[in-house]
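Engineer: Mind folding the following:
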Amino acid sequence: MPVTGISIADAANRLGLSIETLRYYERDGLLLRPVPRSASGHRRYQDHDLGWIELVTRLRSTGMPIREVRRYADLVRAGDGNESERLALLQAHRLEVLRQLAEVTAHLGAIDHKIGIYTDRLERAARAAGA
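Structural biologist: This is a model prediction of the structure:
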């Protein structure tokens, strides 16, 4: 029975990743299973592969270290019975993301403050020039 799915190029395009990133994820143990291959040996990504890769990409984009993503993938691959470990890992990461978000929000506040100062100065200068 032939393997269906999409090519690595199509998967990369759909996910907004490079082909090299997809190969890296596979090589580094971040995927849940080996990607099925066609008779010619080409990777054929299934919908559930793409969904998992999207999650991995989100975890990485929020700063989760590769070793933690790999740990999470290992737990999921191990199957039922380790949900408390999965939950703890995700909760710890969530706290770190919230900490980073608070830091970035504070930085944004400082930028907004400076924008307000310059906006006020320019508006005063425009009023003075028009008076």
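
Engineer: next one: phi and psi at Arg14?
Structural biologist: With angles defined as degrees, to the nearest 10, Arg14 sits at phi -60, psi -40.

Engineer: wait, it sits on Asp49?
Structural biologist: No - contact criterion CB atoms under 8 Å: Arg14 and Asp49 do not qualify, at 10.9 Å. The way it works is simple: take the backbone N, C-alpha and C, and place the C-beta from them, glycine included.

Engineer: who's more crowded, these two?
Structural biologist: Neighbours were counted for Arg14 and for Asp49 using other CB atoms under 10 Å; Asp49 has more, 23 against 13.

Engineer: So Val97 is in contact with Thr62, correct?
Structural biologist: Yes - Val97 lies in contact with Thr62 (CB under 8 Å); the separation is 4.9 Å.

Engineer: give me every residue that touches the residue most central in space within the chain.
Structural biologist: Nearest to the mean C-alpha position of the chain, by CA atoms, centre = their mean, lies Arg58 at 2.0 Å. Not one residue lies near Arg58 by CB atoms under 8 Å, 6 or more residues apart in numbering.
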